[in-house]
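1. could you work out the structure for the sequence below:
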Amino acid sequence: MTETHLYRLSQFRLPGFKAELTDRSSSNVTARPVFAGPDAAIEIDGDTIRGFVNGGPSHDTGQLAKFIDRYRRELVAAAEAKRTGETLKIIFSGTWHHIDFDVAPRFEGCLTHVVAPDGSVKTTLYEERVFEWDVTPYRAGYGFVTSVRGELDDIADHLDEMADHGVSKRRGEYKGASGLGMVGGMIWSTSDEAHIPILYSAATGTHEIEMEYELDEEEEEYLSGQPVIGDGSLSAAIVSKLKDLGKHDGWFRGKDIDRASHRPRKLKLFEVPDAVDAIGYWVQFRTGGGIVSTEFRLFGGVPEWPHEVLEKRGDVDGGDDLLGNLYASDWIYEPTIKAPDQEVRVLALGPIPHISLAPL
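-> Alright, predicted model coming up:
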């Protein structure tokens, strides 16, 4: 196993692994969902902790470094619990997960590498309880099992394909408020009690899953979830969608239009991505006549209210809590058990929420 495999989850594979199948009716490998995001690793050597992003050292004062400072005591304690007399260092390998504007980015562990002084490595699935979110490890789903036989080099492509299909099935269910999927790949392990990690399969999430299609009144098909964009992070999705605005011509009710200047009086929510230069929309919730929360969602999946009509408003300077948006729908009655008087409305063509530009 190379150094790269230890610090880059996306390149992890177990050398020399061969899948044996003694009982055709049993499953011998398990796929577990992995949170989307760029590769991240935390190395603990005694009291010295170092962060890595995409295989290289993280920025000295970057997001991961500050994260490590916050959890230094917990990280050292977790490493000590794994340490034996023959241990040189512990490496927690995973992803830097950030898909929502109002949720702080965080490290999501996937593998634990215990490195001995002679360079030998024992790798296990990350089952630690270092961070508060670790207590609910199945937040991105439970994965699946299957049967394969052969050398890893011969079956890796097949495992990658199954993993991508599995991620595609989850893109509409396991997602953030932004609409981006939580899952960016699968980690494969043996299905026996040892659960030996064997391969990480990155995913695109682009498989067409029939059960996840919804039909609008014109019988057009829309995917209910978004594929993985870039490294699966919020920043990658924003950059990609902003670039796409300049690559594709606008379209509105059968006519080519210029997105930058086209401002119809009314349009439906599903028409907004093609009709104006917007990459997402706002959703506001109110109860008792007061707004209680606001979320920004990226276009690319199926919006909850695709046929809701948005009307051009005159005051975009914050009046009536428009948040600087040019378009707004009427309030929609959307009661829940906890909020029986809840109403919802959607806003479009306004500012994008702030996102940190600090290096990782």
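2. please make it C-alpha for all contacts and neighbour counts, starting now.
-> Will do.
3. what's the next secondary structure element after the biggest helix by length in the chain?
-> Using DSSP state H to define each element, the chain has its longest helix at helix 152-170. Downstream of helix 152-170, the first helix or strand assigned by DSSP states H and E is strand 183-190.
4. all the strands of the stretch 1-150 of the chain, in order from the start?
-> Assigned by DSSP state E, counting those that start in this stretch, the stretch 1-150 of the chain shows strands spanning 18-19, 29-35, 39-45, 48-53, 56-57, 89-97, 106-115, 121-125, 144-146, 150-151.
5. winner for burial among those strands?
-> Of all the strands of the stretch 1-150 of the chain, strand 89-97 carries the top mean neighbour count, a mean of 26, counting by mean count of other CA atoms under 10 Å.
6. now do that one: which elements does it pack against?
-> On a contact count with 3 or more CA pairs under 8 Å, 6 or more residues apart in numbering; DSSP states H and E, strand 89-97 meets helix 3-7, strand 39-45, strand 106-115.
7. let's see 7 Å
-> On a contact count with 3 or more CA pairs under 7 Å, 6 or more residues apart in numbering; DSSP states H and E, strand 89-97 meets strand 39-45, strand 106-115.
8. quick check: Thr87 touching Pro117?
-> Yes: the criterion here is CA atoms under 7 Å, and Thr87 meets it with Pro117 at 6.4 Å.
9. between those two, which one's more packed in?
-> Higher neighbour count among Thr87 and Pro117: Thr87, with 19 against 10, using other CA atoms under 10 Å.
10. with adjacent residues omitted, what lies nearest to the more buried one?
-> Ala116 (4.5 Å; CA to CA, 6 or more residues apart in numbering).
11. show the pLDDT at that neighbour.
-> Here the pLDDT value assigned to Ala116 is 93.
12. that one: how many residues sit nearby?
-> 17.
13. repeat that for Lys66.
-> Around Lys66 there are 15 other residues, counting by other CA under 10 Å.
14. then the one 3 residues further on?
-> When neighbours are defined as other CA under 10 Å, Asp69 has 11 of them.
15. Val346 belongs to a helix?
-> No: read with DSSP: H, G, I helix; E, B strand; the rest coil, Val346 is strand and lies in no helix.
16. that one reaches Val283, doesn't it?
-> Yes: shown here, Val346 and Val283 form a contact pair, counting by CA under 7 Å, at 4.6 Å.
17. more neighbours: which of the two?
-> Neighbour count, other CA under 10 Å: between Val346 and Val283, Val346 has more, with 25 against 17.
18. residues touching the more buried one, list them.
-> Contact analysis of Val346 by CA atoms under 7 Å, 6 or more residues apart in numbering lists Tyr281, Trp282, Val283, Gln284, Ala328, Ser329.
19. what do you get for Ala156?
-> Counting by CA under 7 Å, 6+ apart, Ala156 touches no other residue.
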